[in-house]
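Asks: Got a sequence here, can you model it:
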Amino acid sequence: MSTLDPAPSWAAWNHGGNGLWPPAEDSDVDLDAVSAAEWIDEAGRRALDRLRAGDSEAVIGHCDWLAGNLRWDGDTPLVVHDWDSVVVDSEAVLAGFAAALFSTVSADGLATVEETERFLDAYCLARGREFSAGELQRAWAAGVWTRAYDARYQHAIGQPITSLSEDEARERLRRADAGGVCGIAAKTGGRVEDSHLLFHPEPHLTSHPCQTSPASRISPEQPTSSTG
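Replies: Predicted coordinates:
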């Protein structure tokens, strides 16, 4: 599996560096050296603690499940692009990355908390079994980490922070059982509740808020909307 290392920065929560954040893609900016809103680093740190608290069998999967990387025929996926974004990680973490980005109502936004929940429900329905409580918490933590990374990068290069808000970080961390974010809530110790929503997401994925930056996940020639 070593040939798949290193993972892209937005998926490299288990990087071997000394800082909280891995080196940015296609940029010399040091995210750990640039001052930022404390809540972003706190969200990333809490998510990282939850990710490190559990472990599951490693699988090979795609960590960049964005609209510009998929082509559809109605509800049927035809092609998945960007296979340099294949990584080795747990299934729950890979599902969590995708669920945090996949918007079912807007091709221009990121998934809401409710959309992430429905995505994970649909994923478990498709795989034929539920995630364990610990796996589900790690899936939520993975989504927090990747969106906090993007928020940190956006701040570092002077872009508006659109990948994550304080309120959403707090709620996503609660579902990860990773506590609240410093500055907006004390640790809640909230538990993830079972959901019985049987929902199949529409085949429309969100564009990534950093795609116009040097750390772009999507090649410029690839459109960001799905086509039928």
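Asks: Quick check: phi and psi on the residue nearest to R71 when sequence neighbours are not counted?
Replies: The shortest distance from R71 to any residue other than its chain neighbours is 4.3 Å, reached at V79 (C-beta to C-beta, 6 or more residues apart in numbering). C-betas here are computed from N, CA, C, even on glycine. Phi and psi for V79, reported as degrees, to the nearest 10, are phi -140, psi 140.
Asks: burial of V79, as a residue count?
Replies: 9 (other C-beta atoms under 10 Å).
Asks: same check, this time on R45
Replies: There are 15 residues near R45, going by other C-beta under 10 Å.
Asks: Three-state assignment for it, please.
Replies: helix (DSSP: H, G, I helix; E, B strand; the rest coil).
Asks: so the residue nearest to R71 touches D73, yeah?
Replies: No. Contact criterion C-beta atoms under 8 Å: V79 and D73 do not qualify, at 9.7 Å.
Asks: W83 and G61: what is the separation?
Replies: 11 Å (C-beta to C-beta, to the nearest Å).
Asks: Could you check which of the two is surrounded by more residues?
Replies: G61 (19 against 9).
Asks: Can you name the helix or strand that that one falls in?
Replies: strand 58-62 (DSSP states H and E).
Asks: what's near enough to touch H15?
Replies: P6, A7, P22, P23 (C-beta atoms under 8 Å, 6 or more residues apart in numbering).
Asks: now do 10 Å
Replies: The contact partners of H15, taken as C-beta atoms under 10 Å, 6 or more residues apart in numbering, are D5, P6, A7, S9, W21, P22, P23.
Asks: Provide a list of residue ranges in the chain with pLDDT below threshold.
Replies: Residue ranges of the chain with pLDDT under 70: 1-2, 67-68, 104-108, 179-228.
Asks: Counting residues, which helix of it comes out longest?
Replies: helix 133-156 (DSSP state H).
Asks: could you dump that one to PDB, C-alpha only?
Replies: The C-alpha trace of helix 133-156 is given here as PDB (Å, rounded to 0.1, in the frame of the first residue of the first chain):
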ATOM      1  CA  ALA A 133     -21.200   3.300  16.900                       C
ATOM      2  CA  GLY A 134     -17.400   3.900  16.800                       C
ATOM      3  CA  GLU A 135     -17.300   3.700  13.000                       C
ATOM      4  CA  LEU A 136     -20.100   6.200  12.600                       C
ATOM      5  CA  GLN A 137     -18.400   8.600  15.000                       C
ATOM      6  CA  ARG A 138     -15.100   8.300  13.000                       C
ATOM      7  CA  ALA A 139     -17.100   8.900   9.800                       C
ATOM      8  CA  TRP A 140     -18.400  12.200  11.200                       C
ATOM      9  CA  ALA A 141     -14.900  13.100  12.500                       C
ATOM     10  CA  ALA A 142     -13.400  12.500   9.100                       C
ATOM     11  CA  GLY A 143     -15.900  15.000   7.600                       C
ATOM     12  CA  VAL A 144     -15.000  17.600  10.200                       C
ATOM     13  CA  TRP A 145     -11.300  17.100   9.600                       C
ATOM     14  CA  THR A 146     -11.400  17.500   5.800                       C
ATOM     15  CA  ARG A 147     -13.600  20.500   6.000                       C
ATOM     16  CA  ALA A 148     -11.600  22.100   8.800                       C
ATOM     17  CA  TYR A 149      -8.500  21.500   6.700                       C
ATOM     18  CA  ASP A 150     -10.100  23.400   3.800                       C
ATOM     19  CA  ALA A 151     -11.200  26.200   6.100                       C
ATOM     20  CA  ARG A 152      -7.700  26.500   7.400                       C
ATOM     21  CA  TYR A 153      -6.300  26.600   3.900                       C
ATOM     22  CA  GLN A 154      -8.900  29.200   2.700                       C
ATOM     23  CA  HIS A 155      -7.900  31.500   5.600                       C
ATOM     24  CA  ALA A 156      -4.200  31.000   5.000                       C
END
